[in-house]
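Colleague: need a structure here:
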Amino acid sequence: QQMTPRSFYTRILQLRKIPHGFLQSPISAWIPHLHIAIKMRLPCARCSQARQQRLMGSGEYRPWTSDLRKYRYVPGSRSRKVELPGRVNFTMRKVALIYNPASGQYSTKRATAIQKALNEFREAGIEAEALVSDGPGGATAHARQAVSRGCDAVIACGGDGTVHEILQTLAGTEVALGVVPLGTANALAADLGLIGPPASAARKLISAIPTRVPVGRIYFRDRDGKDASRYFLVAAGIGADALLMSRMDAGLKRRFGYLVYLIEGFRILATDPFPPFEAAFTVNGSGVKRVEAVSQLLAVRVRSFGGILRELAPGATLHNGNLHLVAFKTRDRMRWLQFFLAVIAGRHTFSRDIEHVDAHAAECRAQDGSHYSHFVEADGEVLGSLPVRIEAVPEALTLLIPPHAQP
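Modeller: Here you go, the predicted model:
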């Protein structure tokens, strides 16, 4: 089949592989962008090392650099390329993979999965090491260690909890964050199109576009009664969703996976009184500050949660500098059930009792005279209680976004 140089080059990018001996074939003379493909170091199983040595000798070789990929291909778009907001110049020479050997349903196969991901990075000429997180706070400590060692990126190999821990160290730095999904809940990985085998996710990260994105930040009162704050990437919530996270058993999650969330969610729906609290926010575009009594508030930062929830808050995206709030102003169990069944079916709409609000920040506090305890969570991690302030921090993180992802 006849192929133009442009279509041939696009196909190379899709496959991320150059056939052995291709560089010596006559066809290489009419591929004008072949030198870019070489600099991007597309892997060749038999001659990648020889090619790297040859390029190093000529002074042309350098590890994968993001400034060679200024545009993202958008299927179906007329121009077929869209310039990425927040794109940064970035060279990936050294990475650290941090993983929790006990997270997820397939923890017994974790070492093999990590080794396959390491091999992908090493075959691409990137120095890679694996660090084991053996307890709460372990991933945060290892992330600090990776930054001090001069790593260009830290890869969170786990679920949203592992990502959340590492985020606390990388926010505000130039070190990039990547994700290899190995947890029970992998909402960020789903939003980035990284769900799949670890080796496949690693290949996508090697070709990813490092982009500065805003992150959420939540201020709360911790379990010791002290004021604290955390960054988050996926979502933060006050109310029933945080109560759900507080009831999760790590052993049951490893054994039954997502099913545990569904069972516990229906139990809360049947038994929780959905106590109200006050939420104050200013709607973007109107400038009017509103105070509402709500039983649940979600601040969403991702387009898709993956799984059965998928797109919960239309318009939410990692590139957006605002918060997409979902405010439940009802305590009616049937209305809650109706809404979430519609979410699962992908046909949910918003109304006066369950409202979707675009805001830059939100503040929540207990109602006067209320004796209920309201749990607070971010990225699935239970943090503490009210009062709470949630806001977005602009361009706070460098995130590795695969070329075809549209988060």
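Colleague: Flag the shaky bits of the stretch 201-350 of the chain, pLDDT-wise.
Modeller: Filtered on pLDDT under 70, the stretch 201-350 of the chain yields no residues whatsoever.
Colleague: Show me where it has its helices.
Modeller: 240-246, 250-256, 258-271, 333-345 (DSSP state H, counting those that start in this stretch).
Colleague: Could you dump those into JSON lines and include distance to G321 and mean neighbour count?
Modeller: Heads up, the C-betas are built off the backbone N, CA and C, glycines and all. Compiled in JSON lines, the helices of the stretch 201-350 of the chain are given as follows (distance: least, Cβ to Cβ, whole Å; neighbours: other Cβ atoms under 10 Å):
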{"stretch": "helix 240-246", "distance to G321": "23", "mean neighbour count": "21"}
{"stretch": "helix 250-256", "distance to G321": "33", "mean neighbour count": "14"}
{"stretch": "helix 258-271", "distance to G321": "30", "mean neighbour count": "14"}
{"stretch": "helix 333-345", "distance to G321": "25", "mean neighbour count": "14"}
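Colleague: so can I have JSON lines of those showing distance to A396?
Modeller: Formatted as JSON lines, the helices of the stretch 201-350 of the chain follow (distance: least, Cβ to Cβ, whole Å):
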{"stretch": "helix 240-246", "distance to A396": "23"}
{"stretch": "helix 250-256", "distance to A396": "29"}
{"stretch": "helix 258-271", "distance to A396": "29"}
{"stretch": "helix 333-345", "distance to A396": "29"}
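Colleague: what's the closest of those helices to E381?
Modeller: helix 240-246 (7.1 Å; Cβ to Cβ).
Colleague: Summarise which helices and strands the closest one is packed against.
Modeller: helix 258-271, strand 296-300, strand 375-378, strand 381-401 (3 or more Cβ pairs under 8 Å, 6 or more residues apart in numbering; DSSP states H and E).
Colleague: closest one to A187 among the helices of the stretch 201-350 of the chain?
Modeller: helix 258-271 (11.3 Å).
Colleague: show me where the stretch 51-200 of the chain has helices.
Modeller: Using DSSP H, counting those that start in this stretch, helices in the stretch 51-200 of the chain cover 110-123, 138-148, 160-170, 187-191, 198-206.
Colleague: returning to what we had before: of the helices of the stretch 201-350 of the chain, which is nearest A143?
Modeller: Taking the helices of the stretch 201-350 of the chain one by one with Cβ to Cβ, helix 250-256 is closest: 21.1 Å.
Colleague: In this structure R230 contacts L383, no?
Modeller: Yes: taking contacts as Cβ atoms under 8 Å, R230 lies within contact range of L383: 6.1 Å.
Colleague: what is in contact with those two at once?
Modeller: Residues touching both R230 and L383 (Cβ atoms under 8 Å, 6 or more residues apart in numbering): I218, F220.
Colleague: list the contacts for the residue sitting nearest the centre point of the chain?
Modeller: In the chain, the C-alpha closest to the average C-alpha coordinate belongs to L188, at a distance of 2.9 Å (Cα atoms, centre = their mean). Shown in contact with L188 (Cβ under 8 Å, 6+ apart): D160, V163, V179, L233, V234, V302, D379.
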